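[1] show me the folded form of this:
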Amino acid sequence: MFLQVLTKVSVLFVLLFVGAIAKYSGILNDEFNKSLAKLVLVITLPVLYFYSLATQFTLELFRLIWLLPVFAICFVAVAYLIAVFLSRLVKLNKAERATFIYLSTFTNCGFLAIPIANMLYGEAGVMRVVFFNVGFNILYWTLGVWTLRNSNPTLPPEKSAIKASLKNLINSGTIGLLCGIIVGAAAIKLPSFVLDASNMLGAATIPMALLVVGSIMGGRGNLKELHSYRGAIFLIALCKLIIIPIFALFITGFFGFLDPLTRAIVVLQAAMPSASTTPIFTTRFGGDSRLASIGVFATTIISVITVPIVMSLV
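    The predicted structure follows:
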(Lines give C-alpha, C1' and ligand atoms only; values in the text may rest on other atoms or scores of the structure.)
Protein backbone atom coordinates (compact mmCIF):
# COMPACT_ATOMS: atom_id res chain seq x y z
CA MET A 1 0.00 0.00 0.00
CA PHE A 2 2.83 2.38 0.85
CA LEU A 3 4.43 1.88 -2.57
CA GLN A 4 1.09 2.45 -4.33
CA VAL A 5 0.54 5.74 -2.54
CA LEU A 6 4.17 6.77 -3.02
CA THR A 7 3.97 6.04 -6.76
CA LYS A 8 0.91 8.26 -7.21
CA VAL A 9 2.12 11.07 -4.97
CA SER A 10 5.62 11.04 -6.47
CA VAL A 11 4.18 12.50 -9.69
CA LEU A 12 3.26 15.63 -7.77
CA PHE A 13 6.59 15.83 -6.01
CA VAL A 14 8.28 15.78 -9.42
CA LEU A 15 6.47 19.05 -10.16
CA LEU A 16 7.60 20.40 -6.79
CA PHE A 17 11.21 19.72 -7.71
CA VAL A 18 10.72 21.33 -11.12
CA GLY A 19 9.69 24.49 -9.27
CA ALA A 20 12.64 24.12 -6.90
CA ILE A 21 15.10 23.75 -9.76
CA ALA A 22 13.57 26.73 -11.58
CA LYS A 23 13.97 28.87 -8.46
CA TYR A 24 17.49 27.67 -7.70
CA SER A 25 18.61 28.29 -11.28
CA GLY A 26 17.10 31.79 -11.29
CA ILE A 27 14.31 31.12 -13.80
CA LEU A 28 11.81 31.99 -11.04
CA ASN A 29 12.49 34.89 -8.70
CA ASP A 30 10.89 36.08 -5.46
CA GLU A 31 8.76 38.78 -7.09
CA PHE A 32 7.36 36.38 -9.67
CA ASN A 33 6.68 33.80 -6.95
CA LYS A 34 4.71 36.34 -4.92
CA SER A 35 2.67 37.29 -7.99
CA LEU A 36 2.05 33.65 -8.88
CA ALA A 37 1.05 32.80 -5.31
CA LYS A 38 -1.31 35.79 -5.24
CA LEU A 39 -2.85 34.69 -8.55
CA VAL A 40 -3.53 31.25 -7.08
CA LEU A 41 -4.83 32.55 -3.75
CA VAL A 42 -7.04 35.31 -5.16
CA ILE A 43 -8.27 33.83 -8.44
CA THR A 44 -7.65 30.21 -9.41
CA LEU A 45 -8.06 28.55 -5.98
CA PRO A 46 -11.35 30.35 -5.16
CA VAL A 47 -12.63 29.38 -8.64
CA LEU A 48 -11.63 25.77 -7.95
CA TYR A 49 -13.51 25.97 -4.64
CA PHE A 50 -16.56 27.28 -6.45
CA TYR A 51 -16.52 24.76 -9.29
CA SER A 52 -15.95 21.76 -7.05
CA LEU A 53 -18.81 22.62 -4.70
CA ALA A 54 -21.17 23.94 -7.38
CA THR A 55 -20.93 20.72 -9.40
CA GLN A 56 -20.74 18.11 -6.62
CA PHE A 57 -22.13 19.49 -3.35
CA THR A 58 -25.68 18.42 -2.49
CA LEU A 59 -27.76 18.42 0.67
CA GLU A 60 -27.74 14.62 0.58
CA LEU A 61 -23.94 14.57 0.41
CA PHE A 62 -23.81 17.14 3.21
CA ARG A 63 -25.21 14.49 5.59
CA LEU A 64 -22.08 12.42 4.94
CA ILE A 65 -19.44 15.14 5.09
CA TRP A 66 -20.80 17.76 7.49
CA LEU A 67 -18.14 16.86 10.05
CA LEU A 68 -15.25 17.89 7.77
CA PRO A 69 -15.22 21.60 8.78
CA VAL A 70 -15.61 20.52 12.43
CA PHE A 71 -12.57 18.25 12.14
CA ALA A 72 -10.65 21.14 10.53
CA ILE A 73 -11.35 23.46 13.45
CA CYS A 74 -10.58 20.70 15.94
CA PHE A 75 -7.20 19.85 14.38
CA VAL A 76 -6.15 23.48 14.11
CA ALA A 77 -7.05 24.07 17.77
CA VAL A 78 -5.15 20.97 18.93
CA ALA A 79 -2.11 21.82 16.78
CA TYR A 80 -2.13 25.39 18.10
CA LEU A 81 -2.07 24.25 21.74
CA ILE A 82 0.72 21.76 21.05
CA ALA A 83 2.66 24.41 19.11
CA VAL A 84 2.41 26.93 21.96
CA PHE A 85 3.83 24.32 24.34
CA LEU A 86 6.62 23.20 21.99
CA SER A 87 7.61 26.79 21.21
CA ARG A 88 8.72 27.18 24.82
CA LEU A 89 11.25 24.37 24.45
CA VAL A 90 13.49 26.37 22.09
CA LYS A 91 15.03 29.81 22.35
CA LEU A 92 13.15 32.13 20.01
CA ASN A 93 12.39 35.84 19.86
CA LYS A 94 8.81 37.09 19.63
CA ALA A 95 8.63 37.10 15.82
CA GLU A 96 10.25 33.67 15.56
CA ARG A 97 7.92 32.23 18.21
CA ALA A 98 4.84 33.48 16.36
CA THR A 99 6.16 31.98 13.11
CA PHE A 100 6.97 28.69 14.88
CA ILE A 101 3.38 28.48 16.14
CA TYR A 102 1.97 29.36 12.72
CA LEU A 103 4.12 26.78 10.91
CA SER A 104 3.15 24.09 13.43
CA THR A 105 -0.56 24.93 13.31
CA PHE A 106 -1.55 25.68 9.74
CA THR A 107 -1.18 23.13 6.97
CA ASN A 108 -0.79 23.26 3.21
CA CYS A 109 -4.45 22.34 2.85
CA GLY A 110 -4.89 23.86 -0.61
CA PHE A 111 -1.69 24.14 -2.61
CA LEU A 112 -0.61 20.56 -1.84
CA ALA A 113 -3.66 18.76 -0.39
CA ILE A 114 -5.81 19.38 -3.47
CA PRO A 115 -3.29 17.93 -5.97
CA ILE A 116 -2.68 14.88 -3.76
CA ALA A 117 -6.42 14.33 -3.21
CA ASN A 118 -6.98 14.64 -6.95
CA MET A 119 -4.24 12.12 -7.67
CA LEU A 120 -5.42 9.59 -5.06
CA TYR A 121 -9.21 10.02 -5.04
CA GLY A 122 -10.26 12.12 -8.04
CA GLU A 123 -12.88 14.88 -8.04
CA ALA A 124 -14.78 13.41 -5.08
CA GLY A 125 -11.63 13.72 -2.97
CA VAL A 126 -11.00 17.28 -4.14
CA MET A 127 -14.56 18.29 -3.23
CA ARG A 128 -14.10 16.95 0.30
CA VAL A 129 -10.79 18.80 0.65
CA VAL A 130 -12.56 21.99 -0.41
CA PHE A 131 -15.38 21.46 2.10
CA PHE A 132 -12.81 20.73 4.83
CA ASN A 133 -11.35 24.15 4.04
CA VAL A 134 -14.59 25.86 5.05
CA GLY A 135 -13.66 25.26 8.68
CA PHE A 136 -9.93 25.65 8.13
CA ASN A 137 -10.27 29.06 6.47
CA ILE A 138 -12.16 30.48 9.44
CA LEU A 139 -9.17 29.95 11.75
CA TYR A 140 -6.60 30.53 8.99
CA TRP A 141 -7.78 34.12 8.51
CA THR A 142 -8.52 34.85 12.18
CA LEU A 143 -6.33 32.89 14.59
CA GLY A 144 -3.50 32.66 12.04
CA VAL A 145 -3.44 36.34 11.18
CA TRP A 146 -3.85 37.30 14.85
CA THR A 147 -0.87 35.10 15.81
CA LEU A 148 1.42 36.82 13.32
CA ARG A 149 0.13 40.36 13.84
CA ASN A 150 0.74 40.14 17.59
CA SER A 151 4.46 39.74 16.88
CA ASN A 152 4.63 42.91 14.78
CA PRO A 153 5.15 46.07 16.89
CA THR A 154 4.33 48.33 13.92
CA LEU A 155 0.75 47.02 13.71
CA PRO A 156 -2.21 47.89 16.00
CA PRO A 157 -2.52 46.35 19.50
CA GLU A 158 -4.35 43.11 20.27
CA LYS A 159 -7.96 44.33 20.09
CA SER A 160 -7.42 46.01 16.74
CA ALA A 161 -5.56 42.96 15.51
CA ILE A 162 -8.54 40.72 16.33
CA LYS A 163 -10.89 43.10 14.52
CA ALA A 164 -8.58 43.21 11.52
CA SER A 165 -8.33 39.41 11.51
CA LEU A 166 -12.12 39.09 11.38
CA LYS A 167 -12.22 41.48 8.42
CA ASN A 168 -9.79 39.20 6.61
CA LEU A 169 -12.49 36.51 6.53
CA ILE A 170 -14.07 38.46 3.68
CA ASN A 171 -11.85 37.37 0.82
CA SER A 172 -12.13 35.68 -2.56
CA GLY A 173 -11.54 32.22 -1.09
CA THR A 174 -14.40 32.53 1.37
CA ILE A 175 -16.65 33.99 -1.32
CA GLY A 176 -15.79 31.08 -3.64
CA LEU A 177 -16.65 28.58 -0.90
CA LEU A 178 -19.97 30.20 0.00
CA CYS A 179 -21.07 30.69 -3.62
CA GLY A 180 -20.21 27.08 -4.44
CA ILE A 181 -22.16 25.77 -1.45
CA ILE A 182 -25.22 27.89 -2.34
CA VAL A 183 -25.21 26.86 -6.01
CA GLY A 184 -24.68 23.19 -5.15
CA ALA A 185 -27.19 23.00 -2.30
CA ALA A 186 -29.87 24.86 -4.27
CA ALA A 187 -29.14 22.77 -7.40
CA ILE A 188 -28.89 25.96 -9.47
CA LYS A 189 -28.26 25.19 -13.14
CA LEU A 190 -25.53 27.51 -14.38
CA PRO A 191 -24.78 28.05 -18.09
CA SER A 192 -22.34 25.48 -19.43
CA PHE A 193 -19.86 28.16 -20.51
CA VAL A 194 -19.64 29.42 -16.92
CA LEU A 195 -18.92 25.94 -15.59
CA ASP A 196 -16.46 25.14 -18.39
CA ALA A 197 -14.56 28.38 -17.79
CA SER A 198 -14.53 27.73 -14.04
CA ASN A 199 -13.27 24.20 -14.61
CA MET A 200 -10.40 25.37 -16.84
CA LEU A 201 -9.38 28.19 -14.53
CA GLY A 202 -9.67 26.10 -11.38
CA ALA A 203 -7.63 23.27 -12.91
CA ALA A 204 -4.74 25.70 -13.38
CA THR A 205 -4.46 25.83 -9.58
CA ILE A 206 -2.77 22.43 -9.32
CA PRO A 207 0.36 22.98 -11.48
CA MET A 208 0.76 26.61 -10.44
CA ALA A 209 0.41 25.80 -6.75
CA LEU A 210 2.99 23.04 -7.00
CA LEU A 211 5.42 25.39 -8.74
CA VAL A 212 4.94 27.97 -5.98
CA VAL A 213 5.65 25.42 -3.24
CA GLY A 214 8.59 24.06 -5.20
CA SER A 215 10.06 27.52 -5.69
CA ILE A 216 9.99 28.07 -1.93
CA MET A 217 11.89 24.81 -1.53
CA GLY A 218 14.46 25.97 -4.08
CA GLY A 219 15.63 29.06 -2.23
CA ARG A 220 19.42 29.14 -2.25
CA GLY A 221 19.68 29.95 1.46
CA ASN A 222 17.34 27.29 2.83
CA LEU A 223 19.86 24.45 3.17
CA LYS A 224 22.55 26.76 4.57
CA GLU A 225 20.24 28.31 7.16
CA LEU A 226 18.49 25.07 8.14
CA HIS A 227 21.25 24.25 10.61
CA SER A 228 20.73 27.44 12.62
CA TYR A 229 17.05 26.58 13.18
CA ARG A 230 17.49 22.82 13.53
CA GLY A 231 15.90 22.61 17.01
CA ALA A 232 12.82 24.60 16.00
CA ILE A 233 12.44 22.77 12.68
CA PHE A 234 12.64 19.38 14.42
CA LEU A 235 9.78 20.34 16.75
CA ILE A 236 7.70 21.86 13.94
CA ALA A 237 8.08 18.66 11.88
CA LEU A 238 7.30 16.54 14.94
CA CYS A 239 4.04 18.41 15.55
CA LYS A 240 2.98 18.87 11.93
CA LEU A 241 3.98 15.58 10.33
CA ILE A 242 3.82 13.04 13.17
CA ILE A 243 1.73 14.09 16.18
CA ILE A 244 -1.24 15.60 14.33
CA PRO A 245 -1.52 12.82 11.69
CA ILE A 246 -1.40 10.14 14.44
CA PHE A 247 -4.03 12.10 16.35
CA ALA A 248 -6.20 12.20 13.20
CA LEU A 249 -5.85 8.47 12.59
CA PHE A 250 -6.77 7.77 16.22
CA ILE A 251 -9.71 10.18 16.50
CA THR A 252 -11.37 9.35 13.18
CA GLY A 253 -11.32 5.69 14.16
CA PHE A 254 -14.02 6.48 16.73
CA PHE A 255 -16.38 7.80 14.07
CA GLY A 256 -17.57 4.56 12.53
CA PHE A 257 -20.23 6.31 10.44
CA LEU A 258 -17.61 8.20 8.42
CA ASP A 259 -17.36 6.86 4.90
CA PRO A 260 -13.82 5.70 3.99
CA LEU A 261 -13.18 8.56 1.55
CA THR A 262 -14.17 11.25 4.05
CA ARG A 263 -11.93 9.68 6.72
CA ALA A 264 -9.06 9.49 4.23
CA ILE A 265 -9.40 13.21 3.41
CA VAL A 266 -9.42 14.14 7.10
CA VAL A 267 -6.20 12.19 7.65
CA LEU A 268 -4.66 13.60 4.45
CA GLN A 269 -5.29 17.17 5.59
CA ALA A 270 -3.82 16.40 8.99
CA ALA A 271 -0.69 14.97 7.34
CA MET A 272 0.08 18.00 5.19
CA PRO A 273 3.28 20.05 5.74
CA SER A 274 3.27 23.67 6.86
CA ALA A 275 1.26 26.16 4.82
CA SER A 276 3.23 27.30 1.77
CA THR A 277 1.78 30.80 2.16
CA THR A 278 3.57 31.28 5.50
CA PRO A 279 6.42 33.39 4.00
CA ILE A 280 3.82 35.60 2.28
CA PHE A 281 1.81 35.99 5.47
CA THR A 282 4.85 36.79 7.60
CA THR A 283 5.79 39.54 5.15
CA ARG A 284 2.28 40.97 5.23
CA PHE A 285 1.24 40.53 8.87
CA GLY A 286 4.38 39.94 10.94
CA GLY A 287 6.66 37.15 12.09
CA ASP A 288 10.01 35.95 10.80
CA SER A 289 10.10 35.37 7.03
CA ARG A 290 13.45 33.56 7.22
CA LEU A 291 12.13 30.90 9.59
CA ALA A 292 8.91 30.77 7.55
CA SER A 293 10.75 29.83 4.34
CA ILE A 294 12.96 27.28 6.07
CA GLY A 295 9.98 25.73 7.88
CA VAL A 296 7.98 25.32 4.67
CA PHE A 297 11.07 23.95 2.91
CA ALA A 298 11.88 21.39 5.62
CA THR A 299 8.35 20.12 6.31
CA THR A 300 7.59 19.79 2.59
CA ILE A 301 10.78 17.78 1.99
CA ILE A 302 10.06 15.48 4.95
CA SER A 303 6.43 15.05 3.87
CA VAL A 304 7.65 13.26 0.72
CA ILE A 305 8.15 10.27 3.05
CA THR A 306 5.63 10.88 5.83
CA VAL A 307 2.54 11.49 3.67
CA PRO A 308 2.72 8.11 1.85
CA ILE A 309 3.35 6.36 5.18
CA VAL A 310 0.36 8.03 6.86
CA MET A 311 -1.99 7.53 3.90
CA SER A 312 -1.05 3.84 3.67
CA LEU A 313 -2.39 3.44 7.24
CA VAL A 314 -5.86 4.79 6.50
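
[2] which element follows the helix or strand of the chain with the lowest mean pLDDT toward the C-terminus?
    Least confident element among the helices and strands of the chain, by mean pLDDT, DSSP states H and E: helix 158-167 (a mean of 59). Later in the chain than helix 158-167, the nearest helix or strand by DSSP states H and E is helix 172-185.

[3] show me what that next one is packed up against.
    If contacts are counted by 3 or more CB pairs under 8 Å, 6 or more residues apart in numbering; DSSP states H and E, helix 172-185 sits against helix 45-56, helix 113-140. Bear in mind the C-beta positions are built from the backbone N, C-alpha and C, glycine included.

[4] could you point out where the stretch 1-150 of the chain is predicted with low confidence?
    Applying pLDDT under 70 to the stretch 1-150 of the chain flags the ranges 1.

[5] for it, what spans make up the strands?
    For the stretch 1-150 of the chain, applying DSSP state E, counting those that start in this stretch gives no strands.

[6] please report the distance of the residue in the chain sticking out farthest from the centre from V213.
    Ranked by distance from the centre of the chain (CA atoms, centre = their mean), the top residue is P191, with 31.1 Å. Distance, P191 to V213, using CB to CB, to the nearest Å: 34 Å.

[7] quick one: I65 from I244, how far?
    20 Å.

[8] which one's more surrounded, the two?
    More crowded of I65 and I244, by other CB atoms under 10 Å: I244, with 26 against 19.

[9] what's the spacing between that one and F85?
    13 Å.

[10] please apply the same query to A209.
    31 Å.

[11] neighbour-wise, which of the two wins?
    A209 (29 against 13).

[12] got a list of what that one touches?
    V40, L45, G110, F111, L112, I114, P115, S276 (CB atoms under 8 Å, 6 or more residues apart in numbering).

[13] can you rerun that using 7 Å?
    V40, F111, P115 (CB atoms under 7 Å, 6 or more residues apart in numbering).

[14] what do you get for S303?
    L241, P273.

[15] recalculate using a threshold of 8 Å.
    Residues in contact with S303 (CB under 8 Å, 6+ apart) are L112, L241, A271, M272, P273.

[16] okay, buried residues for the host helix or strand of it please.
    For S303, the element it lies in under DSSP H and E is helix 289-311. Residues 289-304, 306-311 are the ones in helix 289-311 that count as buried (16 or more other CB atoms under 10 Å).

[17] same check on stretch 123-138?
    Across stretch 123-138, burial judged by 16+ other CB under 10 Å covers 125-138.

[18] thinking again about what came up before, of the contacts of S303, closest to T252?
    Nearest to T252 among those, counting by CB to CB, is A271 at 12.0 Å.

[19] thinking that closest one is in contact with P308, fair?
    No - here A271 lies out of contact with P308, judged by CB atoms under 8 Å, at a distance of 9.5 Å.

[20] return the distance of stretch 18-36 from the chain's centre.
    20 Å (CA atoms, centre = their mean, to the nearest Å).

[21] likewise stretch 137-153?
    The answer for stretch 137-153 is 15 Å, by CA atoms, centre = their mean.

[22] number of residues surrounding the nearest residue to V76 once chain neighbours are set aside?
    Of all residues not flanking V76 in the chain, L139 sits nearest, at 4.6 Å (CB to CB, 6 or more residues apart in numbering). By the other CB under 10 Å criterion, the neighbourhood of L139 contains 21 residues.

[23] how close does L139 get to F75?
    Computed as CB to CB, the L139 to F75 distance reads 10 Å.

[24] check D288 too.
    24 Å.

[25] any buried residues in stretch 97-117, and which?
    Across stretch 97-117, burial judged by 16+ other CB under 10 Å covers 97-117.

[26] just those residues: which are in helices?
    97-105, 113-117 (DSSP state H).

[27] now V134: how far from L169?
    Using CB to CB, we find V134 at a distance of 12 Å from L169.

[28] just S303 next, same as before
    S303 is 28 Å from L169, by CB to CB.

[29] am I right that S276 sits in a strand?
    No - assessed with DSSP: H, G, I helix; E, B strand; the rest coil, S276 is coil; it does not lie in a strand.

[30] buried residues, stretch 237-252. List them.
    A237, C239, K240, L241, I243, I244, P245, F247, A248, L249, I251, T252.

[31] any idea how far that stretch is from the chain center?
    Distance of stretch 237-252 from its chain centroid, counting by CA atoms, centre = their mean, is 15 Å.
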